[in-house]
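**Student:** I'll drop the sequence and a predicted model, then ask my questions.
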Amino acid sequence: MPQTQIVFRQATAHDIPAMSTIRLAVRENVLSDPSRITQKMYEDYLELLGRGWVAEVDGVIAGFCYANKTDSSIWALFMAQEYEGQGIAKQLLNIATAWLFEQGNEFVRLSTGMGTRADQFYASQGWRRERVEGNDAYYLLASAG
């Protein structure tokens, strides 16, 4: 049986349709208005506002992560359902946070829905919950350096 190959690389505009499909298929942190996240937003976060990365499993995009350099935050981290629980999201998150810290940031922030698997995931990765507003949990990760 061939070994699965996972490749992490910087996202390109060519990846946006697959990233959008993954984002719209989630069961938690569902967008109340999917039209809020536009093609232009995906494009802007590729270089202008930050950087994005994808994980490919045997050539198929399995997940993606976007780092926002304007406010040192994680704008998005999503996995296709069939690739959840394999450690890929953790690696994508590590790539994005390392990049933000390389830009000179002392902290990285993100928010997610309270009580979701993502909420538990960030806490398990060493992120500190700063506050809760409504149904959203806000997290902070400090640079180790």
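**Tutor:** Cool, the structure landed.
**Student:** what's the following helix or strand after whichever helix in the chain runs longest?
**Tutor:** In the chain, ranked by residue count with DSSP state H as the criterion, the top helix is helix 88-102. For helix 88-102, the following helix or strand on the C-terminal side (DSSP states H and E) is strand 107-113.
**Student:** and that next one, how far out from the chain's middle?
**Tutor:** 10 Å (Cα atoms, centre = their mean, to the nearest Å).
**Student:** and the angle from the helix or strand following it to strand 107-113?
**Tutor:** Once the chain leaves strand 107-113, the next helix or strand it forms, by DSSP H and E, is helix 117-124. Counting by axes from the mean of the first three to the mean of the last three Cα atoms, to 10 degrees, helix 117-124 lies at 150 degrees to strand 107-113.
**Student:** what comes up buried for helix 117-124?
**Tutor:** 118-119, 121-122 (16 or more other Cβ atoms under 10 Å). Every residue, glycine included, has its C-beta placed from N, CA and C.
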